[in-house]
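Asker: I'll drop the sequence and a predicted model, then ask my questions.
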Amino acid sequence: MKGKIIIIMALAIALLGAGAALAGITATKHNLSVTGTGTVKASTGQQNNEICVYCHTPHFAVASGHSPLWNKNGTPTGTTYAMYGTTLAGTTPDATPNGITKACLSCHDGVSAINSLVNQANAGGVVGAGYNVAFGASVPPAAVLLTGAATNIGTTLVNDHPVSILYIAGKAGLKATTTVFGTSSTLAALLRSGKVECSSCHDPHAASGDTTSSGTTASSMFLRISNSSSALCLACHVK
């Protein structure tokens, strides 16, 4: 009986966490459903009012390992990235993006369609090769690419903060991983396999003004904390 109670409590906590994430996404540009507040979003119909499906699916997810229950195929076959090549931090980035960074780039690299899903909404069936949700009046629905300078990072990452790179305390003025970030998380908690990834600085589930997982206030660019007075930069770097 005690075991059953523990399981029920665990499920309840998981559901509360999912609800909190959904509440954060609803009012952001990451809500690509027809109810989204941004200008790039789904057209009416096809159960396009679902919010989470544009990134996640409960069944038949892509076995990528870089994001929970991922519903996108990722970057097109043959796509290559120019990585940040400096050894300033004592190491060089991976040859290609890995981890959650790869998940982010499956929308933000300028070559991957943001409306191409593996599994249709409302148990509509697994397409696998890519199902384009209607974003606009094109019939059949066309692939939609992000074009804005703030959202289309591109495949040349040499002019961006290094990602998929080991965090080495002491190099490039990096603080110890035990340093508290925001009000609760440590720097170590923001790394993936010891590496800096997109999610180290950005919280994709947080709305502007929301309280993020680190207990701080997010910005319109999904930053985990405000970069006022370079606070985000100084959270990791001693300068």
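Answerer: The structure has been received and is ready for your questions.

Asker: please report phi then psi for the residue lying closest to residue 56 once chain neighbours are set aside.
Answerer: On the basis of CB to CB, 6 or more residues apart in numbering, the spatially nearest residue to residue 56 that is not a chain neighbour turns out to be residue 69, at 4.7 Å. From N, CA and C alone the C-beta is placed, and that goes for glycine too. For residue 69, the backbone dihedrals are phi 50, psi 60 (criterion: degrees, to the nearest 10).

Asker: same check on residue 166?
Answerer: phi -60, psi 140.

Asker: offset the numbering so it begins at 6, please.
Answerer: Sure, I'll start numbering at 6, so the last one becomes residue 171.

Asker: give me the neighbour count for it.
Answerer: Neighbour count for residue 171, taken as other CB atoms under 10 Å: 17.

Asker: ok, it touching residue 200?
Answerer: Yes - here residue 171 reaches residue 200: they are 5.5 Å apart, a contact under CB atoms under 8 Å.

Asker: next helix or strand past the helix-or-strand element of the chain with minimal mean pLDDT?
Answerer: Every helix and strand in the chain was compared by mean pLDDT, DSSP states H and E; the lowest is helix 7-31, with a mean of 47. Downstream of helix 7-31, the next assigned helix or strand under DSSP states H and E is helix 104-113.

Asker: with just CA atoms, put that following helix into PDB.
Answerer: Presented in PDB, the C-alpha positions along helix 104-113 are these (Å, rounded to 0.1, in the frame of the first residue of the first chain):
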ATOM      1  CA  GLY A 104      22.600  17.200 -26.700                       C
ATOM      2  CA  ILE A 105      19.800  19.700 -26.300                       C
ATOM      3  CA  THR A 106      21.600  22.100 -28.600                       C
ATOM      4  CA  LYS A 107      20.800  19.800 -31.500                       C
ATOM      5  CA  ALA A 108      17.200  20.000 -30.400                       C
ATOM      6  CA  CYS A 109      17.200  23.800 -30.400                       C
ATOM      7  CA  LEU A 110      18.800  23.800 -33.900                       C
ATOM      8  CA  SER A 111      16.100  21.600 -35.300                       C
ATOM      9  CA  CYS A 112      14.100  24.800 -35.500                       C
ATOM     10  CA  HIS A 113      16.700  27.600 -35.300                       C
END
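
Asker: quick check: mean pLDDT of it?
Answerer: Taken as a whole, helix 104-113 carries a mean pLDDT of 90.

Asker: rounded mean pLDDT for the next helix-or-strand element following that helix, please.
Answerer: Once helix 104-113 ends, the next helix or strand along the chain (criterion: DSSP H and E) is strand 121-124. Mean pLDDT, strand 121-124: 88.

Asker: same deal with stretch 235-244?
Answerer: 93.

Asker: then that stretch to PDB, C-alphas only?
Answerer: C-alpha atoms of stretch 235-244 as PDB (Å, rounded to 0.1, in the frame of the first residue of the first chain):
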ATOM      1  CA  SER A 235      25.800  41.500 -17.800                       C
ATOM      2  CA  ALA A 236      24.400  39.500 -14.900                       C
ATOM      3  CA  LEU A 237      24.000  36.400 -17.100                       C
ATOM      4  CA  CYS A 238      27.500  36.500 -18.300                       C
ATOM      5  CA  LEU A 239      28.900  37.200 -14.900                       C
ATOM      6  CA  ALA A 240      27.000  34.200 -13.500                       C
ATOM      7  CA  CYS A 241      29.600  32.000 -15.100                       C
ATOM      8  CA  HIS A 242      32.600  34.300 -15.800                       C
ATOM      9  CA  VAL A 243      34.700  36.300 -13.400                       C
ATOM     10  CA  LYS A 244      35.600  39.500 -15.100                       C
END
